[in-house]
Every structure is written in C-alpha cells, then in structure tokens.
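Visitor: everything below, folded, please.
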Amino acid sequence: MIIKVEIISQPYSGEFKERIYDIKSPWNSQNWSFIKFTEDDYSEWCGQFRGFPQNAQISLKNKIILVLTSDYLFQLDSKTANIIEYEDQPEYRSLTLTPDEDFLITDYMNIEKITSSIKNKRLIESPIEMDFIEFKNWDANTLEFTCDEFKQWDKHYLMEYNDEIETIKIKNVT
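Guide: Now for the predicted structure:
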C-alpha cells in the first residue's frame, strides 16, 4: 500500500520503476508531472502524469490519492495505484489535505470538500463571493487562505476555514 506521495522533477532513466498515467485526448498538453510513491515497505517508484504539476496528496484514512495537474485531476487507489476516477481540463488551483484526512480543493471561486470520490464533492459555503482563492497553511483544524471579493478586486481577504464545523469566516480585510 502507498503511504507517501511527493512531486519530484523528472528522474534519471532507471532511477525508479516507472508507470505512465496518460488519458488519450486531443487537448493534452506536452507537460508531464512526476510523482514519487513510497510503499509501506519503503520501496519507491515513480508515476508520470499528463500535465504540469500542481499538487499530490494521499489520504490513508480514505485509501485514495489525488494528483492535480494542469490537465487532469486523478484519483488513484492507494493499494493498487490504479486510476479510479479522473476529471479532464480541471479549473482547480489548489489542493490540501485536512487534519481529518479529507481533501479540500479550490477553483478560482469555490472551495469543495472531497471525502471518498472526486465525483462527490461538497461545496463549502462562504460569507462572501470569493475569487483568486489561495490556500496558505493549517493550524490545528483551521486552514488560513487568501482571496479577493468577486468583482471587487481591490478588496483582499484573509480567511479561515474551520474543518471541525466546516465553516468559512473572514479574518481580515485589506
């Protein structure tokens, strides 16, 4: 079973056993992402994914891996490393793992929670219409992130998402 994922630069030929994850599409870019997987026996291998790398996270609790590239959002099974689901041409900008090992993903305007499948996302309500969302860091069960108010790009917000009660609040406005 896979226990760790990490974005790496292109490895030297023969450095790792490699597996290519490619979805045939005329819209594919020429970019590739390289993800190093660590198994529970600490052996390592590399997955090559279509698209420029954005993020990769593993939820040991849910036994799934999400790999976000510029071309796709891949969901892999952590036991077999097989693709379970994927979304092409995603608008997602950021991905993070909650302390409870669920995923939060954001496009430019919304934050959604993923627990078991990328096909079942739950929208997290916000007190404002957000734009240009950027995840920052976790402090216990609270995620700090920045955003602008939609259609009012001169208003910059520091926001907090509380994972225990699944709410967003405004922390600061500049």
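
Visitor: per the record, what domains does the protein have?
Guide: Following automatic domain parsing, one finds the domains of the chain at 1-90, 91-174.

Visitor: model confidence over the first one, on average?
Guide: Taken as a whole, domain 1-90 has a mean pLDDT of 96.

Visitor: possible to save the domains of the chain as a markdown table with mean neighbour count?
Guide: C-beta here means a position set from N, CA and C on the backbone, and glycine is covered the same way. Converted to a markdown table, the domains of the chain look like this (neighbours: other C-beta atoms under 10 Å):
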| stretch | mean neighbour count |
| --- | --- |
| domain 1-90 | 16 |
| domain 91-174 | 15 |
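
Visitor: what does stretch 85-95 contact?
Guide: For stretch 85-95, contacts defined as C-beta atoms under 8 Å, 6 or more residues apart in numbering pick out 23, 25, 27, 54-57, 66, 68, 71-75, 103-108, 117-119, 133-135.

Visitor: tell me if I'm right that residue 10 and residue 32 touch.
Guide: Yes - assessed by C-beta atoms under 8 Å, residue 10 is found in contact with residue 32 at 7.4 Å.

Visitor: residue 105: what's it in contact with?
Guide: 66, 68, 73, 92, 94-96, 111-112, 114, 121.

Visitor: following the helix or strand containing it in sequence, what is the next regular element?
Guide: Secondary structure assigned from DSSP states H and E places residue 105 in strand 103-106. Following strand 103-106 in sequence order, the next helix or strand is strand 111-114 (DSSP H and E).

Visitor: what helix or strand does residue 157 sit in?
Guide: Using DSSP H and E, residue 157 falls in strand 152-162.

Visitor: with just CA atoms, put that strand into CSV.
Guide: These are the backbone C-alpha positions of strand 152-162, laid out as CSV (Å, rounded to 0.1, in the frame of the first residue of the first chain):
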residue,chain,number,x,y,z
GLN,A,152,-14.2,43.9,-6.2
TRP,A,153,-10.5,43.0,-6.8
ASP,A,154,-9.3,45.8,-4.6
LYS,A,155,-10.7,44.0,-1.5
HIS,A,156,-8.2,41.4,-0.3
TYR,A,157,-9.3,39.0,2.4
LEU,A,158,-7.5,36.7,4.9
MET,A,159,-10.0,33.9,5.6
GLU,A,160,-10.2,30.9,7.9
TYR,A,161,-11.8,27.6,7.2
ASN,A,162,-12.7,25.5,10.3
